[in-house]
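Chemist: Here is a sequence with its predicted model. Questions after.
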Amino acid sequence: MVRLCRPSCDPLAPASPLGVAATPGDRLVGVRWNPSSQTPHPSSYVVNLYESTNDVQARTSPEFAIRESANVGLATRTVFPAVRGKRYFVEVVASNIAGVSLPTASNKVAPWDEDDADNLAFEISLSQFISTRAGGLEDPNPPYPPIRTRCRPTGVRPKRSGTAATEFFEYFDGVFADACKRHDFGYQNFGRRLHIRQTQETKDAVDSQFLEDMANICTLSFPAGPDRQTCLTAGAMYYEAVAVIGPAIGRNGFIGHEAWSHPYDNANP
């Protein structure tokens, strides 16, 4: 008979696993955990993936359940298929011939869909992106984080206020606000936050889309002539700041330090 281990139970049953941590992936949820240092050691783990409803960990029937063999003293990991737009958490239970431990729950995570992110960042129009993103400030569905509202990139920020340069950039911060929102989406999700595809090629594509979005804004907002040319010149300056100046002075927003762990990271770093 398998018994649930509590503080006063048979000491032969294993202790609960430690450090259970879930990480999001491309239609995946990865989970890692460490065995307790207490003996006896478990012979296996039962790993359950649950959907978290209304941001509350509701223990209904698990979406998936896996039994993993225990490697004594080693961190363990596994990966579940998952659906973008849902939040999940994982529970891990240690077991051996004497009984099972109390479950240890993970944090809540939301997987992404790389095709969906590509569509938002590169394929739909800027106006469709803003509409899809509920005004560009926050995605109503996980996992994409909110977009910051400041537009002007590093390298084109005047040091003194009240100057003609300040007024120039404050004006174009507003003109290019929507383009900046999509650019931030690309940096945060492909780059430093979710690591969907954190490569120089992707950064270049995000920056190029930024330049294209600004050029389209200029074409739609100003008639052909000096005003449009001024707008295009400003767009080129904003692009140069994120594509060249930022990385040159060590401010690369795409390769930041706010990265999340990837579910395929080594189990024993």
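Modeler: Arrived safely.
Chemist: what's the helix or strand where residue 229 lies in contact with?
Modeler: Assessed by DSSP states H and E, residue 229 sits inside helix 226-240. Applying CB atoms under 8 Å, 6 or more residues apart in numbering, the external contacts of helix 226-240 come out as 151-153, 155-156, 168-169, 172, 175-176, 180, 207, 210-211, 214-215, 217-219, 221-222. Quick note: C-beta positions are derived from backbone N, CA and C, even for glycine.
Chemist: Recalculate using a threshold of 10 Å.
Modeler: Applying CB atoms under 10 Å, 6 or more residues apart in numbering, the contact partners of helix 226-240 are 151-153, 155-156, 168-169, 171-173, 175-176, 179-180, 183, 207-208, 210-222, 245-246.
Chemist: The spatially most central residue of the chain: what secondary structure?
Modeler: Nearest to the geometric centre of the chain sits residue 194, at 2.9 Å (CA atoms, centre = their mean). Classification of residue 194 using DSSP: H, G, I helix; E, B strand; the rest coil returns coil.
Chemist: Surely it touches residue 188?
Modeler: Yes: if you go by CB atoms under 10 Å, residue 194 and residue 188 touch, sitting 7.2 Å apart.
Chemist: Now do the domain split for the chain, please.
Modeler: Following automatic domain parsing, the chain resolves into domains at 3-105, 114-248.
Chemist: Turn these into TSV, including mean pLDDT.
Modeler: Listed next are the domains of the chain as TSV, based on pLDDT from 0 to 100:
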stretch	mean pLDDT
domain 3-105	81
domain 114-248	80
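Chemist: angle of the lengthiest helix in the chain against helix 226-240?
Modeler: Ranked by number of residues, the top helix in the chain under DSSP state H is helix 200-221. Compare the direction of helix 200-221 with that of helix 226-240 by axes from the mean of the first three to the mean of the last three CA atoms, to 10 degrees and you get 160 degrees.
Chemist: So which bits of helix 200-221 are buried?
Modeler: For helix 200-221, a neighbour-count test (16 or more other CB atoms under 10 Å) marks 202-203, 205-207, 209-211, 213-215, 217-218 as buried.
Chemist: Could you check the pLDDT of residue 254?
Modeler: pLDDT, residue 254: 69.
Chemist: and if you look at the one 4 residues further on?
Modeler: Note for residue 258: predicted pLDDT of 39.
Chemist: got the CA positions of the helix holding residue 229 in CSV?
Modeler: What follows is helix 226-240, C-alpha atoms only, in CSV (Å, rounded to 0.1, in the frame of the first residue of the first chain):
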residue,chain,number,x,y,z
PRO,A,226,10.5,68.5,-46.7
ASP,A,227,8.4,67.4,-43.8
ARG,A,228,8.4,63.8,-45.0
GLN,A,229,12.1,63.9,-45.6
THR,A,230,12.7,65.2,-42.1
CYS,A,231,10.6,62.4,-40.8
LEU,A,232,12.6,59.8,-42.8
THR,A,233,15.8,61.4,-41.5
ALA,A,234,14.6,61.1,-37.9
GLY,A,235,13.7,57.4,-38.5
ALA,A,236,17.1,56.7,-39.9
MET,A,237,18.6,58.3,-36.7
TYR,A,238,16.4,56.1,-34.4
TYR,A,239,17.4,53.0,-36.5
GLU,A,240,21.1,53.9,-36.3
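Chemist: And the next helix or strand past the host helix or strand of residue 165?
Modeler: Assigned by DSSP H and E, residue 165 belongs to helix 164-175. For helix 164-175, the succeeding helix or strand toward the C-terminus, using DSSP H and E, is helix 177-186.
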